[in-house]
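A.B. asks: Sharing a model that was predicted from the sequence below.
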Amino acid sequence: MDKLIIQGSCKLQGTVKVSSAKNATLPILVAALLCPYPVKFESVPDLLDVTTILKLLQSLGVKVTKDGDGVVIDATTLENQHADYTLVKTMRASVLVLGPLLARFGIASVSLPGGCAIGTRPVDIHLMGMEKLGGEIQIENGYIKAKSGRLQGTTITLPFPSVGATENLMMAAALAEGVTIIENAAMEPEIDDLGDFLAEQGIQIEGAGTSRITIHGKKVNELKSSNKTYHIIGDRIEAATYIIGGLMSEGEVKVTGFNPKHLGFVLETLTKMGADLEIGTDYVKTKISKRLKGVAIETAPYPGFPTDVQAQMMALMSIVDGNSIVSETIFENRFMHVPEMGRMGAKVNIKGNSALVEGVEGLSGAPVMCTDLRASAALVLCALVAKGESEIQRVYHLDRGYEKIDEKLTGLGAKIQRVKG
Ligand code: EPZ
């Protein structure tokens, strides 16, 4: 397992361009299952999770052709509709194949994803919605066994604005007969991007990115290729990570290639802490700010504070002036970065789903271990500003969602070495 050796006391300086959003790339690549023709994508990020989803599509018989950072997905014909546990267990977003397979083929056998480090992560909302559309769902030997005639459009109210369930149901509804309305839908920008992709295939869809999405289903042979290469939105979570890195290291970092409007609440919170940010149409630049001060945050569905930036924000909070409070309301176990940050001198006390962060003068380098994707990013940020050297172990967690992070940080002046393990 690879590890990163990071020299501390770094001041990040310069410009970094984020990659296409992991959490838009995954559902949109899966949505190509709906299309009986090849679909071309550009700037597909080279991430472990993307490699996994492409392997899963190939296991269904989809033809995947890579051309540099472009990918062509050809799901004209499939060999099977079985998403095996061996692949699904490594990445829960694999469950997104359920909707398109059921909608297009009337049958799907998808392994239950199982939990992951940050929580049990059930898929009950996905399954409730599929049944509402007319799917017959059985759970057998750890697999979701689904079958249906042509799915029938209907109104589905989500008990929680689940990102994955919204995406799964949008894709299922795309080929359902009639109109489907998803109420209390997730509103993340990645949902909006999926809606744009479906519209590009000829699906009439209104309200993607709002809490009510209306999808007018089509027959599979009514979908038509736009013959355009699809470009996925920039990764707002990666952007937030580098913006916070710039602030923590008191450097001037320009983060480009994404829409700052997708980080509204995060940028507002950083400004409230005293950060001096230059916000452009497709970039944010950190300016040298006076020492930032503590703040209280509570994670929430978009447009609230994103849970995927919670760990990185806690890294910043650990070295600002005064105390901060973090409430994690989305996942039940998303504080695993805390004990590892404690090894670097951070002072964080967890009480239930809240953490009190006491700002300290500085952190010290230490060997630490990654546990999940965003916790890993937080540890890298701490290591960059700590005194002395840190060794970040199990960086495959990081490689799931941050493309070329060591190269990008080196480009900003970090002294970071990857040791192949
Ligand atoms: C997506 O996960 C993202 N992953 C996550 O990003 C992100 O943290 C999450 O949305 C919330 O924004 C991708 O897009 C690939 P949810 P997802 O369904 O779809 C509960 C990262 O770091 N729930 O909105 O799994 C669930 O247990 C990753 O990039 C149910 O109870 O998130 C959780 O507590 C981590 N039943 C909450 O809802 C369901 O059927 C949010 O889950 C579905 C979800």
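C.D. replies: Done, it's in.

A.B. asks: can you tell me how far Thr77 sits from the ligand?
C.D. replies: If you measure Thr77 against the ligand using Cβ to the nearest ligand atom, to the nearest Å, the figure is 27 Å. No exception for glycine: its C-beta is placed from N, CA and C like everyone else's.

A.B. asks: Can you pull up the residues of the stretch 51-200 of the chain that come close to the ligand?
C.D. replies: For the stretch 51-200 of the chain, the contact set with the ligand under Cβ under 6 Å from any ligand atom comprises 92-93, 119, 121-126, 160, 162-165, 186.

A.B. asks: Return a selection command, for use in PyMOL, containing the buried ones of these.
C.D. replies: If you want just the buried ones from those in PyMOL, going by 16 or more other Cβ atoms under 10 Å, the selection is:
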select buried, resi 92+93+121+123+125+126+162+163+164+165+186
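
A.B. asks: Show me which of the residues of the stretch 51-200 of the chain next to the ligand is closest to Lys408.
C.D. replies: Among these, Ala93 lies closest to Lys408 (Cβ to Cβ), at 23.1 Å.

A.B. asks: ok, the closest one touching Val50?
C.D. replies: No - proximity of Ala93 to Val50 does not meet the contact threshold set by Cβ atoms under 8 Å, at 10.1 Å.

A.B. asks: List the contacts of the residue lying closest to Gly207 once chain neighbours are set aside.
C.D. replies: Nearest residue to Gly207 in three dimensions, chain neighbours excluded: Ile213, at 4.5 Å (Cβ to Cβ, 6 or more residues apart in numbering). Neighbouring residues of Ile213 by Cβ atoms under 8 Å, 6 or more residues apart in numbering: Thr166, Met170, Ile181, Ile182, Ala185, Ile191, Gly195, Ile205, Glu206, Gly207.

A.B. asks: Just put those in JSON lines and tack on secondary structure, neighbour count and distance to Val419.
C.D. replies: Compiled in JSON lines, the contacts of Ile213 are given as follows (DSSP: H, G, I helix; E, B strand; the rest coil; neighbours: other Cβ atoms under 10 Å; distance: Cβ to Cβ, whole Å):
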{"residue": "Thr166", "secondary structure": "helix", "neighbour count": "29", "distance to Val419": "40"}
{"residue": "Met170", "secondary structure": "helix", "neighbour count": "28", "distance to Val419": "42"}
{"residue": "Ile181", "secondary structure": "strand", "neighbour count": "17", "distance to Val419": "52"}
{"residue": "Ile182", "secondary structure": "strand", "neighbour count": "26", "distance to Val419": "46"}
{"residue": "Ala185", "secondary structure": "coil", "neighbour count": "29", "distance to Val419": "44"}
{"residue": "Ile191", "secondary structure": "helix", "neighbour count": "26", "distance to Val419": "38"}
{"residue": "Gly195", "secondary structure": "helix", "neighbour count": "23", "distance to Val419": "42"}
{"residue": "Ile205", "secondary structure": "strand", "neighbour count": "20", "distance to Val419": "47"}
{"residue": "Glu206", "secondary structure": "strand", "neighbour count": "13", "distance to Val419": "51"}
{"residue": "Gly207", "secondary structure": "coil", "neighbour count": "17", "distance to Val419": "48"}
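
A.B. asks: show me where the stretch 1-150 of the chain has strands.
C.D. replies: Counting by DSSP state E, counting those that start in this stretch, residue ranges of the strands within the stretch 1-150 of the chain are 3-7, 14-17, 38-42, 63-67, 70-74, 82-83, 107-111, 136-140, 143-147.
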